[in-house]
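In: After the sequence you'll find the predicted model.
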Amino acid sequence: MSNQNLAAIQGAYAAFAKGDVPGVLGVLDPNIAWTEAEGFPYGGTYNGPNAVLEGVFMKLGTEWEGFSAVPAEFIDGGDTIVALGKYSGKYRATGKSFEADFAHIWKFRDGKVFRFIQYVDTLLVNRALQG
């Protein structure tokens with residue numbers, strides 16, 4: 001199952017890069033608990049794919065220009081996949097850009113992600129938010 005989990009996450013990042021949000025949401029369990037880091041603009045836990053769509057992805061798509069999450073490395077732990085990479089984008093309201101390293105923890109059960117946890121240097125992100 002591990003290779004399938006890794007392939008699913010690699011596919012989710014590829015879908016995100018193309019703007020294929022349904023492709024990303026497709027790997028999520030209906031009861032996903034998706035946690036954005038405290039201090040991140042959308043910090044908190046979102047329950048269910050629709051909450052992730054409305055609380056995270058729609059905001060990233062409308063409030064940021066060219067927001068990207070580009071993985072550089074994957075650590076395959078079977079039912080847990082860790083992705084290490086870099087965020088970047090320009091906050092539309094201020095015109096300021098940022099880059100920050102991220103770590104994403106993806107936890108699988110029965111072939112779907114039931115838990116997502118984001119780690120990021122929120123100070124770097126918040127500097128872009130300040131006018």
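Out: Perfect, I can see it now. Residues are numbered from 1 along each chain as shown.
In: longest single helix anywhere in the protein?
Out: Criterion DSSP state H: the longest helix present in the chain is helix 2-17.
In: Which elements pack onto it?
Out: Packing partners of helix 2-17 (3 or more CB pairs under 8 Å, 6 or more residues apart in numbering; DSSP states H and E): helix 21-25, strand 64-76, strand 80-91, strand 96-109. C-betas here are computed from N, CA, C, even on glycine.
In: As CSV, the ones you listed with distance to Ala37 would be great.
Out: As requested, the helices and strands packed on helix 2-17 are exported to CSV (distance: least, CB to CB, whole Å):
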stretch, distance to Ala37
helix 21-25, 18
strand 64-76, 13
strand 80-91, 11
strand 96-109, 9
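In: Same list, those, but as a markdown table with distance to Ala8, mean neighbour count and mean pLDDT please.
Out: Shown next, in a markdown table, are the helices and strands packed on helix 2-17 (distance: least, CB to CB, whole Å; neighbours: other CB atoms under 10 Å; pLDDT from 0 to 100):
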| stretch | distance to Ala8 | mean neighbour count | mean pLDDT |
| --- | --- | --- | --- |
| helix 21-25 | 10 | 16 | 95 |
| strand 64-76 | 11 | 14 | 97 |
| strand 80-91 | 8 | 18 | 98 |
| strand 96-109 | 8 | 17 | 98 |
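In: closest to Leu129 out of these?
Out: The minimum distance between Leu129 and those falls on strand 80-91, with 5.6 Å, by CB to CB.
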